[in-house]
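> give the three-dimensional model of this entry:
(one chain, ligands or ions: 1)
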Amino acid sequence: MKHINSYIFLMLLAFASCNCFAQNTTANDNKEHTFLYKKQLNPNPAFNGIKQRAWWKEDIVYQIYPRSFKDSDGDGIGDIKGIISKLDYLKSLGIGIVWLSPCFASPNDDNGYDISNYKAIMKEFGTMQDFDNMLKGMHDRGIKLVLDLVANHSSDEHEWFKQSRSSRTNPYREYYHWWPAERGKPAHRWSFFDVNEDAWKYDSLTNAYYLHYFSQKQPDLNWENPKLRQEIYSIMRFWFDKGVDGFRMDVIPYISKDTSFPPIPKSFNGDYVGYYSYGPHLHDYLQEMNKEVLCKYDITTVAEGIGVNADRVQLFVAPERNELQMLYQGEALGNGMLPREFKKLDPKGYSLPVLKKVYTKWDSIFALKGWNTIFLANHDQPRMVTRWGNDNDQYRELSSKLLTTFIMSMRGTAYYYNGDELGMSNIKFDSIGDYKDIESINRYKFLQKTGGDLQGFIEAQKMTARDNSRTPMQWDNQKNAGFSSGTPWLKVNSNYTWVNVDSENKDAHSVLNYCRKMVQLHKSSPALIYGQYQVYDIDDPFVYAYTRTQGKERMLIVLNFSNKVVDYQINSSVLYKGMKERINNYSSTTIKGRTVTLKPWQAIIYQLF
Ligand code: ISL
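Reported below is the predicted structural model:
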């Protein structure tokens with residue numbers, strides 16, 4: 001009997017290793033690959049005994065937009081050697097993972113989100129040797145590197161597409177989606193960046209239309225073709241074998257398509273953004289990807305969860321489904337946007353109770369399994385302080401600190417965008433001529449063609465355009481903020497003379513030094529990383545208050561999301577005998593009994609006893 005049991009056990013073990021049903025396979029489990037870098041969990045004994053720990057849950061992710069980070073050769077474009085020169089800065093922040101926006105060969109129609117060779121480095125950014133040096137430099141400092149996998153589409157300058165469009169019988173034809181014109185025009189597909197919002201582009205060379213959800217230079221790859229899928233897996237292995245620590249997966253919910261291309265079902269009410277994420281084989285492909293590649297490495301994965309609602313997120317991240325680990329969700333980002341308008345903010349602002357409800361709902365989804373992501377900004381969003389805080393002189397620093405406190409005290413991996421640690425704010429261009437982003441430029445052209453409100457558009461873009469967060473990183477108060485000795489590809493925000501790394505390093509109370517302090521608090525606290533989340537007074541329009549509890553460690557986070565002084569009464573259900581302030585973006589607080597008098601944009605974390 002004993003033998004039979006051990007036989008069954010061995011069989012199960014063998015089955016587990018060939019099917020990779022354990023998601024967090026470690027380096028030692030996998031003999032086929034040599035790992036350059038062994039990831040470690042937080043060695044702080046306070047974390048001992050916590051279940052389901054993972055390095056990608058404990059580390060803070062810092063997103064670098066390489067084009068704008070640091071230029072080393074004076075061409076006005078950030079590059080890898082520039083990043084290398086700032087590795088000690090990254091270490092000084094205390095972050096554990098860098099997510100690097102695409103650094104691969106690209107004609108830059110969409111700043112690298114249009115890739116012409118997935119195994120080569122963009123020439124403006126440097127060489128493969130530079131990349132290898134950067135990766136080693138990060139690993140030497142205990143920082144992991146996550147790359148951006150842009151696999152829903154390639155560039156039209158990729159060799160696959162050149163071949164594919166050359167003839168209907170070319171072996172690469174089925175790498176993309178073609179619709180022969182003799183069948184008439186295909187059913188409408190909406191495009192994000194096309195001047196006519198049309199995702200089908202006619203190509204006279206073979207008298208056919210090709211599909212491009214994004215720009216005409218970003219044709220959609222045909223994932224229904226197994227050969228294409230194998231190409232993508234081989235690309236992923238190429239980077240993982242170098243020691244890269246994970247992928248952020250660009251618009252990954254869009255990869256599978258109904259290739260009969262019917263009109264979109266009426267039930268979607270014209271919502272193409274949502275419809276695209278319902279591809280018939282999406283989860284088959286993610287499971288295949290996991291089985292063929294992901295489960296063989298100790299890496300992390302995060303889906304850009306475009307179009308995915310809360311009720312579907314577990315399909316992507318539930319551990320037993322063996323797909324991905326995290327999904328980067330954007331439900332909160334719609335708060336304060338005018339409906340049926342193109343990226344226009346409601347002048348009344350956003351609703352804090354709605355924000356709290358959305359975050360609380362998403363937290364509850366992951367309470368038992370899966371893992372959340374927390375962010376307020378990235379390269380597709382405006383600057384967080386302009387959008388969610390207050391970027392006027394009086395409150396820019398305070399509200400930046402509050403937002404940092406929020407991102408790093410919620411449950412879920414924090415995704416923090418470069419420059420936010422300085423309190424960088426929107427540049428708010430007055431003229432379309434200053435914009436470089438295809439989204440802004442093509443939308444402007446679309447409005448020109450259709451007689452739209454151009455001035456209204458320019459005003460709205462000051463708050464929401466993507467270029468606001470893409471302006472060069474502000475390193476010092478010298479020429480071009482120390483970003484480049486040449487002419488920067490995008491204008492530098494004029495506030496660089498006081499909002500910059502150099503000045504903020506010297507100021508103990510700067511946004512930068514506050515951010516560092518908050519990162520350290522996050523790292524040292526099992527409650528802030530793994531602790532159960534409980535919100536209080538969810539309808540309070542000004543204050544976001546919640547506790548995080550892990551074993552005996554309890555934290556109370558109190559955030560005043562307003563320009564007003566607010567007397568906040570700590571909810572009677574929060575029981576405590578004593579409290580100790582762990583971080584505060586003001587030097588003092590008035591607290592009488594359970595009433596905390598919060599100054600504008602005040603953020604405090606108390607440890608409760
Ligand atoms: O940026 C947006 C709106 O302003 C989003 O709708 C964005 O297009 C969408 O989230 C998909 O984003 C990703 O894929 C795009 C690329 O332009 C974005 O930078 C990237 O994050 C196409 O690759």
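> so who does residue 76 touch?
Shown in contact with residue 76 (CB atoms under 8 Å, 6 or more residues apart in numbering): 484, 486, 487, 488, 489. Where you see a C-beta, it was placed from the backbone N, CA and C, and this is true even at glycine.
> and residue 158, what is it in contact with?
Counting by CB under 8 Å, 6+ apart, residue 158 has contacts 115, 116, 117.
> how about TSV for the residues you listed, with distance to the ligand and pLDDT added?
As requested, the contacts of residue 158 are exported to TSV (distance: CB to the nearest ligand atom, whole Å; pLDDT from 0 to 100):
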residue	distance to the ligand	pLDDT
115	9	99
116	14	98
117	16	98
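> filter those down to the ones in helices?
Applying DSSP state H to these, no entry is found in helices.
> neighbour-wise, which of those leads?
residue 115 (28 neighbours; other CB atoms under 10 Å).
> for it, which non-adjacent residue is spatially closest?
residue 104 (4.7 Å; CB to CB, 6 or more residues apart in numbering).
> helix or strand right after the helix or strand residue 415 falls within?
According to DSSP states H and E, residue 415 maps onto strand 413-417. Downstream of strand 413-417, the first helix or strand assigned by DSSP H and E is helix 438-450.
> run the angle between the next helix or strand after that next one and helix 438-450 for me.
Using DSSP H and E, the helix or strand that follows helix 438-450 in sequence is helix 454-464. Between helix 454-464 and helix 438-450, the angle comes out at 160 degrees (axes from the mean of the first three to the mean of the last three CA atoms, to 10 degrees).
> identify each buried residue in helix 454-464, please.
Buried residues in helix 454-464, defined by neighbour count with 16 or more other CB atoms under 10 Å: 457, 458, 460, 461, 462, 463, 464.
> quick check: the gap between the third one and the ligand.
So that's residue 460. 12 Å (CB to the nearest ligand atom, to the nearest Å).
> not counting sequence-adjacent ones, nearest residue to that residue?
Nearest to residue 460 is residue 344, by CB to CB, 6+ apart, at 4.1 Å.
> what do you get for the fifth one?
In space, and not counting its chain neighbours, residue 462 is closest to residue 428: 3.8 Å by CB to CB, 6+ apart.
> list the contacts of that neighbour.
462, 463, 468.
> give me the secondary structure label for the residue lying closest to residue 206 once chain neighbours are set aside.
Nearest non-adjacent residue to residue 206, counting by CB to CB, 6+ apart: residue 168, 5.2 Å away. Three-state assignment for residue 168 (DSSP: H, G, I helix; E, B strand; the rest coil): coil.
> wouldn't residue 168 be in contact with residue 203 here?
No. If you go by CB atoms under 8 Å, residue 168 and residue 203 don't touch, sitting 11.0 Å apart.
> which one's more surrounded, the two?
residue 203 (16 against 13).
> picking up where we left off before, out of the contacts of residue 76, which are buried?
Buried among the contacts of residue 76 by 16+ other CB under 10 Å: 484, 488, 489.
> just send those residues back as CSV, with secondary structure too.
Formatted as CSV, the buried ones among the contacts of residue 76 follow (three-state DSSP):
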residue, secondary structure
484, coil
488, coil
489, coil
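> for those residues, which one is nearest residue 566?
Closest approach to residue 566 among those (CB to CB): residue 488, at 40.7 Å.
> residues in contact with the closest one?
Applying CB under 8 Å, 6+ apart, the residues contacting residue 488 are 71, 76, 472, 480.
> which of the residues you listed ranks first by neighbour count?
For the contacts of residue 488, neighbours tallied by other CB under 10 Å; top is residue 472, 28 neighbours.
> contacts only, for that one.
By CB under 8 Å, 6+ apart, residue 472 lies in contact with 68, 71, 78, 480, 481, 483, 484, 488, 490, 492.
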